[in-house]
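Engineer: below are the sequence and a predicted model; questions follow.
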Amino acid sequence: MKKYVVYSNTGLSSRQIGLTAEYLEKCTKEGIELKIVNCNNVLENCYFNPLHNTIACASCQSRSMELYKQIGIPKESFISLKTIPFKIEIPFFETLSDLLQFEYEGTNVGRGAASSIISYYRDYHISSHTHREIIELECKKAINVLLNFKKIIKDEKPDKVLLFNGRFAEIYPLLEYCSQTNLAFASIESGSMDTYEIFENC
């Protein structure tokens, strides 16, 4: 039996969660074992909830769990992110290019952080001179996600990782790590109306 680890990305809209659930239901019908990783309110923020509003967090978690329950995913299939202690001093980034190249233990985490920040502010003029606090938050969040998934992948030994939109700080490091370790992954991308497409290994 194949096993997929699914990153139940934070803050998805009801439509996006529904589209993801539709695809996961197809996987279960094909006999694929699913392990669903949710944020469990561990991340300090996410792209869809940048101020970490606790009510919005609770609503997102509840909405996701209800949809997964409806497609028959049992409780024992869920894995929650944890806060993993690590020590690092985030460098001072003079330019956006410097941030884009930032790595932790050989895995790029800066590109996802930059993508989130650019989307927050609609401005690509990013450096530690003007955005130091949010840069540090996004980089540390990305590192925590990376450390979580290194352990989850080691423990679960999945055949594939599924994620939704791989460009944000809390998601990109996983995509990068899968590429580095030659672990198959797929990104679920929503289109207009009720359409979606699965992009394999990209």
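Structural biologist: Arrived safely, thanks for sending.

Engineer: and for the closest residue to residue 147 other than its chain neighbours, the neighbour number?
Structural biologist: The shortest distance from residue 147 to any non-neighbouring residue, by C-beta to C-beta, 6 or more residues apart in numbering, is to residue 84 (4.5 Å). For every residue, glycine as well, the C-beta is placed using N, CA and C. Residues near residue 84, counting by other C-beta atoms under 10 Å, number 14.

Engineer: distance of residue 84 relative to residue 137?
Structural biologist: Distance, residue 84 to residue 137, using C-beta to C-beta, to the nearest Å: 16 Å.

Engineer: surely residue 79 is in a strand?
Structural biologist: Yes. Counting by DSSP: H, G, I helix; E, B strand; the rest coil, residue 79 is part of a strand.

Engineer: show me what the residue lying closest to it once chain neighbours are set aside is bridged to.
Structural biologist: Nearest non-adjacent residue to residue 79, counting by C-beta to C-beta, 6+ apart: residue 37, 4.8 Å away. In this structure, residue 37 bridges to residue 7, residue 79 when assessed by DSSP bridges.

Engineer: counting neighbours, what do you get for residue 37?
Structural biologist: Counted with other C-beta under 10 Å, residue 37 comes out at 23.

Engineer: list the contacts for it?
Structural biologist: Shown in contact with residue 37 (C-beta atoms under 8 Å, 6 or more residues apart in numbering): 5, 6, 7, 8, 78, 79, 80, 81, 148, 149, 152.

Engineer: residue 28 against residue 74, yeah?
Structural biologist: No. The criterion here is C-beta atoms under 8 Å, and residue 28 misses it with residue 74 at 10.4 Å.

Engineer: the more surrounded of the two?
Structural biologist: residue 28 (15 against 9).

Engineer: which ones are touching the more buried one?
Structural biologist: Counting by C-beta under 8 Å, 6+ apart, residue 28 makes contact with 34, 71, 72, 73.

Engineer: that one: which element?
Structural biologist: Using DSSP states H and E, residue 28 sits in helix 14-29.

Engineer: chain center to that helix: distance?
Structural biologist: Relative to its chain's centre, helix 14-29 lies at 16 Å (C-alpha atoms, centre = their mean, to the nearest Å).

Engineer: circling back: which of the contacts of residue 37 are buried?
Structural biologist: Among these, those classed as buried by 16 or more other C-beta atoms under 10 Å are 5, 6, 7, 8, 78, 79, 81, 148, 149, 152.

Engineer: and the pLDDT at the fourth one?
Structural biologist: Spelled out, it's residue 8. pLDDT, residue 8: 81.

Engineer: next up, the contacts around it.
Structural biologist: Counting by C-beta under 8 Å, 6+ apart, residue 8 touches 20, 36, 37, 38, 39, 64, 68.
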